[in-house]
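Q: what's the 3D shape of this:
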Amino acid sequence: MEFNKVFIAGNLTRDPELRMAGSTSVVTLGIASNRTFTRSGSTEREEETTFVDVDVWGRQAETCNQYLSKGRMVLVEGRLKMDKWQ
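A: Down below sits the predicted model:
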């Protein structure tokens, strides 16, 4: 069985960046997702931030580019694809 679905909630770290891939629109979103937690044995609350880049394709990309801007809270549902760099 294969299952690849993610949900990411956070704030946009920059304005959407619209570009064309052939005849298809693509927007890149930068999202900062915060997690607040308490370590065992401590009463101090800590915060951890994870930064994620998200690509949105097609008509959704154009809509994101039109309505979203830096600082806006977003909830993204999609699939995870890891990029490999050498």
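
Q: and the spatially most central residue of the chain, helix, strand or coil?
A: Among the residues of the chain, the one closest to the centroid is I31, at 4.0 Å (Cα atoms, centre = their mean). Per DSSP: H, G, I helix; E, B strand; the rest coil, the secondary structure class of I31 is strand.

Q: again with R35
A: When classified by three-state DSSP, R35 comes out as strand.

Q: Bridged to V27, which residues?
A: L18, V56 (DSSP bridges).

Q: for G10, that is, sorry about that
A: Residues in a beta bridge with G10, per DSSP bridges, are V74.

Q: what about it, how many neighbours?
A: 21 (other Cβ atoms under 10 Å). The C-beta positions use only the backbone N, C-alpha and C, and glycine is treated the same way.

Q: cool, the one 4 residues further on as well?
A: By other Cβ under 10 Å, the residues close to R14 number 13.
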